[in-house]
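# return atomic coordinates for the entry below.
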Amino acid sequence: MEVNAAYLFGLIFVSVLVMVIAISKFHQHPFIVMTVISIAVGLIWGVEPGKVVDTVKSGFGGILTSIGIVILCGTIIGKILEKTGAALTMANTILGIVGQKNSVVAIGAMGYITGIPVFCDSGFVVLSPINRALAQQSNTSLAVMGTALSGGLYATHCLVPPTPGPIAMAGTLNADLGLTILVGLVLSIPAVLVAILYAKKVASTVQIPANSEFTMEELEKKYGKLPGACASFAPLLLPIVLIALASVANFPTRPLGDGTARMLITFFGNPVIALLLGVFLSMMLIPASEKKNTLAWITEGVTDSAAILVITGAGGSFGAILKLLPIADAAKGLFGTSLGILLPFAVSMVLKLAMGASTVAMITTASMMAPLMETMGFVSPLQKVLVVMAIGAGSMVASHANDSYFWVVSQFSDMKPSEAYKCQTGMTAVMGLVIAAILYGLTMVL
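Alright, predicted model coming up:
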């Protein structure tokens with residue numbers, strides 16, 4: 001059956017527009033808005049009503065299966081780091097090294113490094129406590145810090161293996177994995193610089209206080225002595241290191257083999273297990289005089305995560321409904337092969353905007369491009385890698401309401417939806433377009 005591309009993308013555009021207006025202008029809760037619109041889109045497209053309801057439920061549960069426990073553990077760690085003063089210790093340590101004026105660059109660089117082995121959603125949750133503390137200590141808007149951190153994580157998430165999207169693209173397009181990693185690492189640098197610049201110039205117009213519960217002076221007066229730097233960083237660094245090791249162990253070349261060592265590293269490097277270990281490490285920071293408050297602090301963390309979980313789940317519902325629609329088939333007829341390197345970028349961008357999930361957009365576009373590679377002249381090792389980069393750049397444009405990462409960034413950065421569109425959506429759009437322009441320039445001279 002032929003797909004009416006104009007009708008399909010018109011339906012998606014209108015649904016997103018209604019969503020933005022309902023949330024931003026009429027101040028409706030994102031959970032209600034996205035759930036209702038998910039159902040409406042499915043019914044309008046003609047999906048059987050029972051299947052619509054089942055898909056909304058499975059989409060909600062599916063995204064929480066993926067990152068629900070990670071978000072819960074992350075908010076608990078953040079709450080304990082804040083209550084014990086460890087977050088401020090970390091912030092002061094970093095500022096002591098890079099200087100207060102470089103705090104935005106520092107958090108962007110942390111995101112760049114963390115995003116290589118860690119999913120951007122998980123990375124933002126893990127680094128959120130230090131992001132908030134840095135914002136307070138450097139007297140910087142949380143919108144600026146959150147945007148820079150998000151961009152740093154997003155760049156390597158979309159361009160550098162071993163994150164699932166880039167590594168799947170390299171496999172599908174027969175691109176050399178080592179060259180893909182090298183080019184991705186280099187190309188991610190201008191992407192992060194663009195994110196940092198955007199944060200300083202655009203996100204700085206959005207003023208969001210860090211809202212830390214205590215100042216350094218109040219905590220020092222309360223506890224006498226704050227946790228040391230090593231102990232403070234441990235609850236965050238241990239999960240990152242474990243997840244990174246698991247990524248290495250699962251590399252296609254199997255550098256650690258397939259024996260017990262790999263099994264153990266893969267187990268402890270699972271984000272759920274790694275974050276749980278982080279929770280236990282953070283509990284060790286609680287001074288003896290405050291042990292009686294451990295349950296109360298953990299409960300606060302669980303309570304704080306509730307809004308994030310329901311909004312993220314609703315975003316998963318919307319994404320699941322969109323996956324029922326023949327978006328990939330509709331996208332095939334929109335572009336011609338004469339676009340060159342901009343073709344994989346454009347297809348990936350359309351799929352990302354329509355479906356929300358960068359990884360899905362990457363894998364789907366790579367599958368669509370595979371049979372066209374020889375026809376379009378993308379046959380050398382470098383050309384294949386540039387196609388991988390173009391698809392990754394397209395999958396950046398742009399993170400908005402149907403993307404779980406949009407809600408993770410906005411909720412952990414205290415952004416209103418309208419502010420998140422300005423900071424997160426705008427920043428990711430500019431990142432992807434800049435990388436596409438760089439790639440187009442490279443294909444002109446190579």
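
# residue nearest the centroid of the protein?
Cys120 (3.3 Å; CA atoms, centre = their mean).

# shouldn't it be in contact with His157?
Yes. Cys120 is within contact range of His157, at 4.1 Å (criterion: CB atoms under 8 Å). C-betas here are computed from N, CA, C, even on glycine.

# and the residue nearest to the centre of the chain, its phi and psi?
The phi/psi pair for Cys120 (degrees, to the nearest 10) reads phi -60, psi -40.

# how much space between it and Leu382?
According to CB to CB, to the nearest Å, Cys120 stands 26 Å off from Leu382.

# can you check Gly259 too?
Per CB to CB, Gly259 is found 36 Å from Leu382.

# and the two? Which one has more around it.
Set Gly259 next to Leu382 and count neighbours by other CB atoms under 10 Å: Leu382 wins out with 14 against 9.

# what packs against the host helix or strand of the more buried one?
Assigned by DSSP states H and E, Leu382 belongs to helix 381-394. Helix 381-394 is packed against helix 142-159, helix 164-172, helix 177-201, helix 342-355, helix 358-369, helix 426-445, with contacts defined by 3 or more CB pairs under 8 Å, 6 or more residues apart in numbering; DSSP states H and E.

# if we use 6 Å, what do you get?
Using 3 or more CB pairs under 6 Å, 6 or more residues apart in numbering; DSSP states H and E, the elements in contact with helix 381-394 are helix 164-172, helix 177-201, helix 342-355, helix 358-369, helix 426-445.

# which residues touch the second one?
Residues outside helix 177-201 that contact it (CB atoms under 6 Å, 6 or more residues apart in numbering) are 104-105, 108, 112, 144, 147-148, 151-152, 155-156, 159-161, 170, 381, 385, 388-389, 427, 430-431, 434-435.

# show me how to select, in ChimeraX, the buried members of those residues.
Selecting only the buried entries of the contacts of helix 177-201 in ChimeraX, with 16 or more other CB atoms under 10 Å as the criterion:
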select :104,105,108,112,144,147,148,151,152,155,156,159,160,161,170,385,388,389,427,430,431,434,435
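
# can you list the weak-confidence ranges in this structure?
Confidence mapping of the chain against pLDDT under 70 gives the ranges 1-3, 212-217, 219-220, 222-224, 331-338.

# need the longest helix for it.
The longest helix of the chain (DSSP state H) is helix 49-84.

# which positions within the helix or strand that that helix is followed by qualify as buried?
Per DSSP H and E, the first helix or strand lying C-terminal to helix 49-84 is helix 86-98. Burial within helix 86-98, assessed by neighbour count using 16+ other CB under 10 Å, is assigned to Ala86, Ala87, Leu88, Thr89, Met90, Ala91, Asn92, Thr93, Ile94, Leu95, Val98.

# what's the answer for stretch 311-328, then?
Buried residues in stretch 311-328, defined by neighbour count with 16+ other CB under 10 Å: 311-323, 325, 327-328.

# could you give the separation of that stretch from the chain centroid?
Between the centre of stretch 311-328 and the centre of its chain there are 17 Å (CA atoms, centre = their mean, to the nearest Å).
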